[in-house]
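**Q** Sequence first, predicted model second:
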Amino acid sequence: MTRLRAFGQFWWDFVVGDDWLSAASIVVAIAATAAVATTDVPAWWPMPLAAATTLYLTLRRALHR
Amino acid sequence: MTSIFGFSSAFLASAVEMVEALTIVLAAGVARGWRSALAGAAAAAVALAVTVAALGPAITTIPLNALRLVVGGLLLTFGLQWLRKAILRASGHKSLHDEDAIFRQELDQARAETARVRHGIDAYGFTLSFKGVFLEGLEVAFIVLTFGSAQRSIPLAALGATAAFVLVVAVGVALRAPLARVPENAIKFAVGIMLTTFGIFWSTEGAGADWPGSDLALLALLAFVGAISAVFVAVLRRAGAVAPA
């Protein structure tokens, strides 16, 4: 169990690192893009918008730590 | 065009990770002996090759859209992390990555450890070198596999990584010193922008959306990510550096 936890912890640190906010925002943005893509509205814009907003939020978070 | 971007991204990302691995191997070699350091690096290279051989073929069997969704999401996660740190460094809110300082720190730590020699190999030197090469190399392998598989061209991404490996090792062997003159912070900034650009592009396609202008949208995205990064650096510089960490 400890090894399994260590394995999970390694991959969490490797992928998510110290910035869970980015990972969570990206998941939400991908879901939003997929939802918009099912309609007639162009769906290319949510990801760039999410990336810019997430960068702003993570920078603000890093500065206030 | 995506091929040129893919090759450049794999090359630059691999180069900075390899510079960091080289610093650790050099510290282990100088402090604990070259035999242990090189054995650790070689063992890590074998472990990495096994990992890539196991994961590579499996990745190429995944449908392209699903692959681009996952790869895009992961690249965007990595890219935003690199970009955040690069912006904080460029604006003076985080100390610059200094390979000389890291080398001295690793060297001091390695010299302080007591020797535990087995079969002529110092355990600390071996482990330090192994961990450095394996962890930095895993990131390289991850970038090469994800870039290569999403473009259906793993050899091209691998070529970028190999070129970086040859260059970094050749310069490292020639100098036998950490590559402090490599503009590592600038390269990390560029890699952050490229990873974020590809991450946005592929995750959008993977989620079922189409880009206006198809692959040409990559250029617009690159300009967009570069522009917002420059704006953040300018704004944070004006706000003033607070606490370098």
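**A** Yep, it's here.

**Q** neighbours around residue 8, how many?
**A** With no chain named, the answer covers chain A. If you count neighbours by other C-beta atoms under 10 Å in any protein chain shown, A:Gly8 ends up with 10. The C-beta positions use only the backbone N, C-alpha and C, and glycine is treated the same way.

**Q** Chain B was what I was after
**A** Look at B:Ser8: counted by other C-beta under 10 Å, it has 14 neighbours.

**Q** Repeat that for the one 5 residues further on.
**A** Applying other C-beta under 10 Å, we find 30 residues neighbouring B:Ala13.

**Q** Which residues belonging to the host helix or strand of it are considered buried?
**A** According to DSSP states H and E, B:Ala13 maps onto helix B:2-32. Buried residues in helix B:2-32, counting neighbours by 16 or more other C-beta atoms under 10 Å in any protein chain shown, are found at B:2, B:5-7, B:9-32.

**Q** cool, and stretch B:102-119?
**A** For stretch B:102-119, a neighbour-count test (16+ other C-beta under 10 Å) marks B:Ile102, B:Phe103, B:Glu106, B:Leu107, B:Ala110 as buried.

**Q** cool, and stretch B:126-145?
**A** Residues of stretch B:126-145 classed as buried: B:126-130, B:132-145 (neighbour count, 16+ other C-beta under 10 Å).

**Q** Just the CA atoms of it, as CSV, please.
**A** Output in CSV follows, covering the C-alpha atoms of stretch B:126-145 (Å, rounded to 0.1, in the frame of the first residue of the first chain):
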residue,chain,number,x,y,z
PHE,B,126,25.6,6.0,-8.0
THR,B,127,22.2,6.8,-6.6
LEU,B,128,22.7,10.6,-7.0
SER,B,129,23.7,10.2,-10.6
PHE,B,130,20.9,7.6,-11.3
LYS,B,131,18.2,9.7,-9.9
GLY,B,132,19.4,12.9,-11.7
VAL,B,133,19.5,11.2,-15.1
PHE,B,134,16.4,9.1,-14.6
LEU,B,135,14.1,11.9,-13.4
GLU,B,136,15.3,14.5,-15.9
GLY,B,137,15.4,11.9,-18.6
LEU,B,138,11.8,10.8,-17.8
GLU,B,139,10.7,14.3,-18.6
VAL,B,140,12.5,14.2,-21.9
ALA,B,141,11.1,10.8,-22.7
PHE,B,142,7.6,12.0,-21.9
ILE,B,143,7.9,15.1,-24.1
VAL,B,144,9.4,13.1,-27.0
LEU,B,145,6.7,10.4,-26.8
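
**Q** And whatever helix or strand B:Ala164 lives in, what does it pack against?
**A** Taking DSSP H and E as the definition, B:Ala164 sits inside helix B:154-175. Applying 3 or more C-beta pairs under 8 Å, 6 or more residues apart in numbering or on different chains; DSSP states H and E, one finds that helix B:154-175 makes contact with helix B:2-32, helix B:123-150.

**Q** Quick one: closest of the ones you listed to chain A.
**A** helix B:123-150 (7.3 Å; C-beta to the nearest C-beta).

**Q** what about the closest one and chain A, any contact?
**A** Yes: for helix B:123-150 and chain A, the contact criterion (C-beta under 8 Å from any C-beta of the partner chain) is met by B:Leu138, B:Glu139.

**Q** by contact count, what packs against that helix?
**A** Packing partners of helix B:123-150 (3+ C-beta pairs under 8 Å, 6+ apart): helix B:2-32, helix B:34-60, helix B:64-90, helix B:99-112, helix B:154-175, helix B:184-206.

**Q** Cheers, nothing more for now.
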